[in-house]
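[1] I need the structure of the sequence given here:
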Amino acid sequence: MIQKLRNIRLSCMGLALLALFAALPAVLFWPIDALVVRNDVGQIVLREAMPLGRGFATRYIHSLELSPVEDEYVAQDGLIRQWRSRVQSHNAGMPSLTPDRGRVYMDPPWIVFEGAIISLTNFSLRVGNETLGQNHLRVDGGPWQPLYRTFPDQRLHFSASRFALYRL
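    Residues are numbered from 1 along each chain as shown. Next up is the predicted model:
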C-alpha cells in the first residue's frame, strides 16, 4: 500500500513537471505590452513591461502657468492611453474639458481629469532643465525619476510595443 502511494505521488509530480515544461514556451513567447522610451538618436533608454494594471506618469511644471501637471498613462494593445491628468489651474493650454468617457473632479489642490482622455501610438516629451520644465517620470507608482537631470534639454520619444516575455 505504501509503495502504491509513493508511485501515485511520483506520478503526480512527474505530470506536474511535464505540464510546467509544456507550458514554458507558451509563457515565454506570450506577447506583453511594454513602454519603450528612446532618445533623439533612437537608443532605447527605458523598456519596461506594462502588464495590465501597470502604468507610468509624467510630471512637469507648465511653462506659462508655472504650476505642476501630472499625467498618468497605460500601455495597452500597442497604444499609450492617457488615463488621468492632474492640474492646479486650467488656463493657457491646460486641460479644461471633461473627457467624452470620463469625469472631472476636485481633489484640492488638484483639478483631476479622468477617463479615456487620449490614445496615441507614440508621443515626444521635450525635457526641460533645472529652470524650465523640471520633467519627471514615474513607472508603476515607484519613485519620481528626475528626467531633467538625466536628459536635460533633450527630447524623449515614448511608444508602446508588444514583446515576447523572454525579450523583456
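[2] all strands for the protein, in order.
    Ranges of strands in the chain, per DSSP state E, are 31-38, 44-49, 56-61, 68-76, 79-87, 102-107, 110-120, 122-126, 136-139, 145-146, 155-164.
[3] show me what counts as buried in the fourth one.
    Residues of strand 68-76 classed as buried by neighbour count (16 or more other C-beta atoms under 10 Å): 68, 69, 70, 71, 72, 73, 74, 75, 76. For the C-beta atoms, the positions are set from N, CA and C on the backbone; glycine is no exception.
[4] now the fourth one: how far from residue 82?
    Relative to residue 82, residue 71 is positioned 6 Å away (C-beta to C-beta, to the nearest Å).
[5] quick revisit: in JSON lines: the strands of the chain, plus distance to residue 7.
    Conversion of the strands of the chain to JSON lines gives the following (distance: least, C-beta to C-beta, whole Å):
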{"stretch": "strand 31-38", "distance to residue 7": "40"}
{"stretch": "strand 44-49", "distance to residue 7": "42"}
{"stretch": "strand 56-61", "distance to residue 7": "52"}
{"stretch": "strand 68-76", "distance to residue 7": "48"}
{"stretch": "strand 79-87", "distance to residue 7": "53"}
{"stretch": "strand 102-107", "distance to residue 7": "60"}
{"stretch": "strand 110-120", "distance to residue 7": "56"}
{"stretch": "strand 122-126", "distance to residue 7": "58"}
{"stretch": "strand 136-139", "distance to residue 7": "49"}
{"stretch": "strand 145-146", "distance to residue 7": "56"}
{"stretch": "strand 155-164", "distance to residue 7": "38"}
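[6] quick one: the residue nearest to residue 129 when sequence neighbours are not counted from residue 106, how far?
    Take residue 129 and drop its neighbours on the chain: the residue closest to it by C-beta to C-beta, 6 or more residues apart in numbering is residue 152, 4.4 Å away. Separation of residue 152 from residue 106 (C-beta to C-beta): 34 Å.
[7] look at the two and report which has more neighbours.
    The residue with more neighbours, out of residue 152 and residue 106, is residue 152; 16 against 8, by other C-beta atoms under 10 Å.
[8] if anything else comes up later, I'll come back, but that's it for now.
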